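Asks: this is a predicted model, with the sequence first.
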Amino acid sequence: MTQPLLSYKNVSKKYNQRLVLKNINLSVEAGMVIGLLGKNGAGKTTLLRSALGLINPDQGEVNVLGELSHQLSASNKEKIGYVAQQTFGYEGFKIADALALHRSFYPNWDMQLEAKWLARFELNSNSAVNDLSIGQRQTLALIMAMAYRPQLLILDEPVASLDPIARREFMSDLFDLALDSGSGILFSSHITSDIERVASHIALIKQGELLLLDELDVIRDTVRKINFKASTIDLSAYKVLNQQQNCAIIYGYTGEVIPDALAINTLSLEQLFVELHG
Amino acid sequence: MLEFINVNPNSGDPIYKQLHEQVVRLIVGGQLSAGDELPSVRKIADHFAVNPMTVSRAIGQLVDQGWLERRRGQATKVAQKTVQQTDQQETLLFKAIDQLIQQAKQLDVPQSTISELIKKRWEL
């Protein structure tokens, strides 16, 4: 087995006595695009930032490209791309100058890719960063994080401010990175339809716990909402993700008849998300 | 052929299943004929803005089930028709029928009424 690009082992983190990450185990391997799904405050950003050594876990360890995340060497840092939820710095710079400075930190910077993306997203390199819209800043941040083809790309709500056309183009770039360059991508987003399109895997996090982690298609194929009258219904053959009085969300369904079930329905990712927080 | 296909990420079905089902429909319905070439996985993925692995999965299943043929170094093509494929016209309606049955049961509408209803609507 190849070594994962990023792995969390039994990672827990507390802020002021409140557990924000509870015993997280998660690995990102080459070619994977993991969509991290969770409510605001579920721990997504803490999880992402701990991969960069920006946050130290209280328990467990985070390995990045073979090193502990808080002891990353410079050469490995050059292989990681990160776009934070809030951008961004380079105030008072022109785009061209901001890119020139940024580029100087990354020996593997691809000028052609930079030029291609600037043109595609209609960014004028003479514009001042201060004058950019939020969406344009996000685009610039993505260019800065991806133009050196990082082996590991970590994106915190990267596309929330991009228009649908820019989102699509950006997704296609993600695939280039994951499939052609063999990178691994971990990204959080609230836009479930984007995750549905882009992700190969889904990690669903609720109140700091990793509730579900699997291939997107497996999740979509085997997650069902079951409606029933009697609470005596036997769902022990499945992993029950959420159970209410008259319905439950199960995982691992493969088409069997469930006695006492009134209805068995598939769920879109958005429905699953909403149901799990019901 | 891509213009005949529609991917909806918010639907109850995973994207690979939507692609699979719609290609089968195009073949059974005759919009795609034996020997027609499919665009590359990457082109299809770009067109719908979906993960190429999702497209690969759909195509792989279609190849396994004999709908498509894949030869090394060549474009994937629609396979020659087999007897089994003609049965599929009916199978393709199962999902819609199952949904109808489920709704009829929820509304307490008996089977005989459903048959009559179908007949009535058919002749509209």
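Replies: Yes, it's here. Residues are numbered from 1 along each chain as shown, chains lettered A, B, ... in the order given.
Asks: going by C-alpha atoms from here, please, whenever you check contacts or count neighbours.
Replies: Will do.
Asks: what bits of the chain have low per-residue confidence?
Replies: No chain was given, so I picked chain A. For chain A, the stretches with pLDDT under 70 are A:1.
Asks: oops, wrong one, chain B.
Replies: B:82-87.
Asks: distance of the residue positioned nearest the centre of chain B relative to chain A?
Replies: Centrality entry for chain B: nearest residue to the mean C-alpha point is B:Glu21, 1.9 Å, by CA atoms, centre = their mean. Distance of B:Glu21 to chain A, computed by CA to the nearest CA, to the nearest Å: 14 Å.
Asks: same check on B:Trp122?
Replies: With CA to the nearest CA as the criterion, B:Trp122 and chain A are 28 Å apart.
Asks: and chain B, which residues reach chain A?
Replies: Within reach of chain A by CA under 8 Å from any CA of the partner chain, chain B has these residues: B:9-16, B:46, B:49-54.
Asks: mind checking which of the residues you listed are in helices?
Replies: Secondary structure assignment by DSSP state H places B:15-16, B:46, B:52-54 of the residues of chain B next to chain A in helices.
Asks: between these, which has the most around it?
Replies: Counting neighbours by other CA atoms under 10 Å in any protein chain shown, the top entry in those is B:Ile15, with 27 neighbours.
Asks: so who does that residue touch?
Replies: By CA atoms under 8 Å, 6 or more residues apart in numbering or on different chains, the contact list for B:Ile15 reads A:196-197, B:7-9, B:54.
Asks: same deal with B:Phe48?
Replies: By CA under 8 Å, 6+ apart, the neighbours of B:Phe48 are B:Val7.
Asks: quick one on the thing from earlier: in ChimeraX, select just the buried ones from the contacts of B:Ile15.
Replies: Filtering those down to the buried ones (16 or more other CA atoms under 10 Å in any protein chain shown) takes a single ChimeraX command:
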select /A:196,197 /B:7,9,54
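Asks: which parts of the strand or helix carrying the residue nearest to the centre of chain B are buried?
Replies: Secondary structure from DSSP states H and E places B:Glu21 in helix B:15-28. For helix B:15-28, burial by neighbour count (16+ other CA under 10 Å) applies to B:15-20, B:22-25, B:27-28.
Asks: likewise for stretch A:195-214?
Replies: Buried residues in stretch A:195-214, counted by 16+ other CA under 10 Å: A:195-210, A:212-213.
Asks: go on, stretch A:261-278?
Replies: A:261, A:264, A:266-273, A:275-276.
Asks: give the contact list for the residue lying closest to A:Leu216 once chain neighbours are set aside.
Replies: Sequence neighbours aside, A:His201 is the residue nearest to A:Leu216 in space, at 4.7 Å (criterion: CA to CA, 6 or more residues apart in numbering or on different chains). Counting by CA under 8 Å, 6+ apart, A:His201 makes contact with A:32-35, A:213-216.
Asks: domain parsing for chain A?
Replies: Domain assignment of chain A by the TED database yields the ranges A:6-207, A:218-276.
Asks: comparing those, which comes out most buried?
Replies: Highest mean neighbour count of those: domain A:6-207, a mean of 19 (counted as mean count of other CA atoms under 10 Å in any protein chain shown).
Asks: ok, back up a step: so which of the buried residues of helix B:15-28 is the closest to A:Gly182?
Replies: B:Tyr16 (22.0 Å; CA to CA).
Asks: I'd assumed B:Asn51 was in contact with the closest one.
Replies: No. With contacts counted by CA atoms under 8 Å, B:Tyr16 stays clear of B:Asn51, the gap being 9.7 Å.
Asks: skipping adjacent residues, who's closest to the residue most central in space within chain A in space?
Replies: The centre of chain A sits closest to A:Phe187, judged by CA atoms, centre = their mean, with a distance of 1.9 Å. Leaving aside its sequence neighbours, A:Phe187 sits nearest to A:Leu155 (CA to CA, 6+ apart; 4.5 Å).
Asks: from the contacts of A:His201, which land in helices?
Replies: Per DSSP H, the subset of those in helices is A:Leu216.
Asks: now the contacts of A:His201 as CSV including distance to A:Ile250?
Replies: Converted to CSV, the contacts of A:His201 look like this (distance: CA to CA, whole Å):
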residue, distance to A:Ile250
A:Met32, 25
A:Val33, 24
A:Ile34, 21
A:Gly35, 20
A:Leu213, 14
A:Asp214, 14
A:Glu215, 16
A:Leu216, 15
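Asks: what's the burial count for B:Gln88?
Replies: A count of neighbours around B:Gln88, defined by other CA under 10 Å, yields 14.
Asks: the helix or strand where the residue nearest to the centre of chain A lies pairs with which strands?
Replies: A:Phe187 is part of strand A:184-188, with elements assigned from DSSP H and E. With DSSP bridges as the test, strand A:184-188 is paired with strand A:33-37 (parallel), strand A:152-156 (parallel).
Asks: dump those strands to CSV, plus distance to A:Ile55.
Replies: Formatted as CSV, the strands paired with strand A:184-188 follow (distance: least, CA to CA, whole Å):
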stretch, distance to A:Ile55
strand A:33-37, 18
strand A:152-156, 14
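Asks: residues contacting the spatially closest residue to B:Thr76 that is not a sequence neighbour?
Replies: With sequence-adjacent residues excluded and distances taken as CA to CA, 6+ apart, B:Thr76 is closest to B:Arg70, at 4.7 Å. B:Arg70 makes contact with B:63, B:76-77, according to CA under 8 Å, 6+ apart.
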